[in-house]
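Enquirer: all I have is the shape, not the residue letters:
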């Protein structure tokens, strides 16, 4: 992928294999830095967001997507800096899995927080069938964690998606839909 459009957003791959230093989500409580390799991608939206994000594969820690550089945007886009991360877990079959939580506004209009959306809400965020889109982009499975990875914890009913490790297109699209487009579209209001 070099560049593709997703509803009100354009996703552009910038660089892959970039040396990266930062604080992984696994070490956030301690503030310890770690190194890894990052794939950088830029997302621009119809409502002025221009930001670079990094999919970081940390040395010894859980991969994640995080904001790398915030160039421009509305005040509401600032929420991506503090609540926009996405963890990438390893499945029992060694593929990658992401939970499809989305930044959603509460009914009182407060700031958006990560919530578990329905499949219909994911369809609404991308203005098409979310599952079909992700599968077309290279996802292996889309469904509940219980169905796609035999999860039995309280998170077994969370929606998730699996991909082959380093299969970027569906992960970048899912991130853009559940974080960026959710904020752009004022999801939940």
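Expert: Arrived safely, thanks for sending. Nothing here was measured: the structure is a model prediction, and the numbers come from that model. Residues are numbered from 1 along each chain as shown.

Enquirer: neighbours of the nearest residue to residue 90 once chain neighbours are set aside, how many?
Expert: Once flanking residues are discounted, residue 90 sits nearest to residue 96: 6.4 Å by Cβ to Cβ, 6 or more residues apart in numbering. (Glycine included, C-beta is placed from N, CA and C.) Neighbours of residue 96 under the rule other Cβ atoms under 10 Å: 20.

Enquirer: now the residue with the largest distance to the centre of the chain: how far from residue 170?
Expert: In the chain, the residue that sits farthest from the middle, by Cα atoms, centre = their mean, is residue 108; the gap is 24.8 Å. Distance of residue 108 to residue 170, computed by Cβ to Cβ, to the nearest Å: 33 Å.

Enquirer: again with residue 7
Expert: Applying Cβ to Cβ, the value for residue 7 to residue 170 is 15 Å.

Enquirer: again, but for residue 67
Expert: 20 Å.

Enquirer: higher neighbour count, those two?
Expert: Between residue 67 and residue 170, counting by other Cβ under 10 Å, residue 170 is the more crowded of the two (24 against 18).

Enquirer: residue 44 reaches residue 9, doesn't it?
Expert: Yes: counting by Cβ atoms under 8 Å, residue 44 does reach residue 9; the two are 7.0 Å apart.

Enquirer: which parts of this protein are strands?
Expert: Assigned by DSSP state E, the strands in the chain fall at 3-6, 9-22, 34-45, 50-58, 64-72, 86-87, 89-90, 96-99, 102-104, 113-115, 141-144, 159-163.
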